[in-house]
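*Asks:* Could you look at this predicted model? Sequence included:
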Amino acid sequence: MPDALVIRSGRVLDETGERMADVLVRDGRIAEVAPGLDVPAGARVLDAEGCVVSPGLVDIQVHFREPGREEAETIETGARAAALGGFTAVVAMPNTTPPLDDAKVMAAVLERGRQVACLVTFAGCITQGRAGHELAPLGELYDLGVRVFTDDGDCVADANVMRRAFEYALALPGSVIAQHAEDPDLVAGGHMHEGEWSAKLGIPGRPAEAESTIVARDLALAKLTGGRYHVLHMSAGASAELVRAAKAEGIRVTCEVSPQHLALTDAACASFDPVFKMNPPLRSEADVAALTAALADGTIDAIATDHAPHAPETKERPFEEAPPGMLGVETAVAVAITKLVDTGVMTLAQVLGALSWRPARIAGLDAAGHGLPVVAGNPANLCVLDPAARWVVSPDRLASRSRNTPFAGWKLSGRVRHTVLYGQPTVLDHEAQA
């Protein structure tokens, strides 16, 4: 491999601002950022003309299914898909089989996650078996490098257990308790957002209040304990209002929204196509508008995909029998550009912040060199994005093992041209590297 890499003629855009510059990479780190750099002998040159060179994207909520459901996705295939989407680091959720509540299992998947096309780190369970009763060995998992704890896929419904998790995590610097905020009693038997469309379609609903009531409770517990709280895949406008008020009060809270909760509404379920089924469900137009505004004003900190692959035969079941979830890592930045930048709601810098440096800080991945400014000395984890490129989403051309994208056939703006992980290209001219 060449010992140097030069990214030529790009517009560097990071948290510090933007400037036209070349980027020289040596030994996995950025060596120089300036216009018109000389190309060292033997260096690999990546063309970035017309492109933005940014810190690599960071996704703090993916489901790569390994261990247990490798027919839908593996760490390797998920990482390849993520790299094609511009991601250099992701946080995979612990609702695997077995769940990630054991230090030996966690050590194995963390090692696997260091050997693929992007850094795949993992969240640990809050409770043993994700059953919601007894705390998992948070300290043991933390010592392995775990910084995010969640029972994602299930809500920690017991307030006493959630309080103890906040208190325990106070002794684990940099850790965060993340919640799948859906009251299990309120959503029992429901398959889509409860509202006008669920009534029309005759599909049992999951009310937005199932989310906002848990968020309200958890914010009260975070205030009580001084704990750090993160709301996964926020879907309800009322939840955003609660977080906005909590931030103003000084409560330690962050939150995320998925591209699908910004781009789609519950009306999509009128097709009865299970590709539009997810938990939390697609919400109303009013919720989408509220979430978009909250992301634009900084109330919502991050865009996270909730990438949830399923084997095709499972998504071909009737709507009420199919599992919830959608693919997301290969389309996230393009959906965000199309829905937010092209419409003038947000700038490209704001979108990249929500997809890179802000989520990196939430999950502690900035300490591993992700989401950092494109300046000399920092690890070379980079995304080269053509924001004007137009492309059509084809499920058969996605790198995931699954095909359950709700954006099939959509024409999107913004395509990742190159991705660089610790100085090594993982994607070159839209193609994944072996």
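*Replies:* Looks like it arrived, so ask away.
*Asks:* Please look at Gly189 and Pro204 and confirm they touch.
*Replies:* Yes - contact between Gly189 and Pro204 holds when scored by Cβ atoms under 8 Å: they sit 5.1 Å apart. Yep, even glycine has a C-beta here, placed from its N, CA and C like the rest.
*Asks:* okay, those two: which has more neighbours?
*Replies:* Pro204 (14 against 8; other Cβ atoms under 10 Å).
*Asks:* For that one, list the residues it contacts.
*Replies:* By Cβ atoms under 8 Å, 6 or more residues apart in numbering, the contact set of Pro204 is Gly189, Gly190, His191, Glu194, Ser198, Glu320.
*Asks:* Adding distance to Ile60, pLDDT and secondary structure, write the residues you listed out as CSV.
*Replies:* As requested, these are exported to CSV (distance: Cβ to Cβ, whole Å; pLDDT from 0 to 100; DSSP: H, G, I helix; E, B strand; the rest coil):
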residue, distance to Ile60, pLDDT, secondary structure
Gly189, 30, 97, coil
Gly190, 26, 98, coil
His191, 26, 98, coil
Glu194, 28, 98, coil
Ser198, 29, 98, helix
Glu320, 30, 97, coil
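*Asks:* what's the closest of the residues you listed to His63?
*Replies:* Distance to His63, by Cβ to Cβ, is smallest for His191 among those, at 18.9 Å.
*Asks:* so how many other residues sit close to that closest one?
*Replies:* His191 has 22 neighbouring residues, counting by other Cβ under 10 Å.
*Asks:* now do Phe276
*Replies:* For Phe276, the tally of surrounding residues (other Cβ under 10 Å) stands at 23.
*Asks:* for it, what are its contacts?
*Replies:* Counting by Cβ under 8 Å, 6+ apart, Phe276 makes contact with Leu264, Ala268, Cys269, Leu282, Met326, Pro406.
*Asks:* So what does the nearest residue to the first one once chain neighbours are set aside look like in phi/psi?
*Replies:* By the measure of Cβ to Cβ, 6 or more residues apart in numbering, the closest residue to Leu264 outside its immediate chain neighbours is Leu282, 5.1 Å from it. Listed backbone geometry of Leu282 is phi -60, psi 140, with angles given as degrees, to the nearest 10.
*Asks:* if I look at Leu282, how far off is Ala268?
*Replies:* Distance from Leu282 to Ala268, counting by Cβ to Cβ, to the nearest Å: 6 Å.
*Asks:* higher neighbour count, those two?
*Replies:* Legend: neighbour count by other Cβ under 10 Å for Leu282 and Ala268, higher for Leu282 (25 against 17).
*Asks:* Next one, pLDDT for the more buried one please.
*Replies:* Leu282 is assigned a predicted lDDT (pLDDT) of 98.
*Asks:* was I right about it contacting Cys269?
*Replies:* Yes - in this structure, Leu282 is within contact of Cys269 by Cβ under 8 Å, at 6.8 Å.
*Asks:* got any residues that touch both of the two?
*Replies:* Common neighbours of Leu282 and Cys269, counting by Cβ under 8 Å, 6+ apart, are Met192, His193, Phe276.
*Asks:* Let me have the residues you listed in a markdown table, extended by secondary structure.
*Replies:* Output for those, formatted as a markdown table (DSSP: H, G, I helix; E, B strand; the rest coil):
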| residue | secondary structure |
| --- | --- |
| Met192 | strand |
| His193 | strand |
| Phe276 | helix |
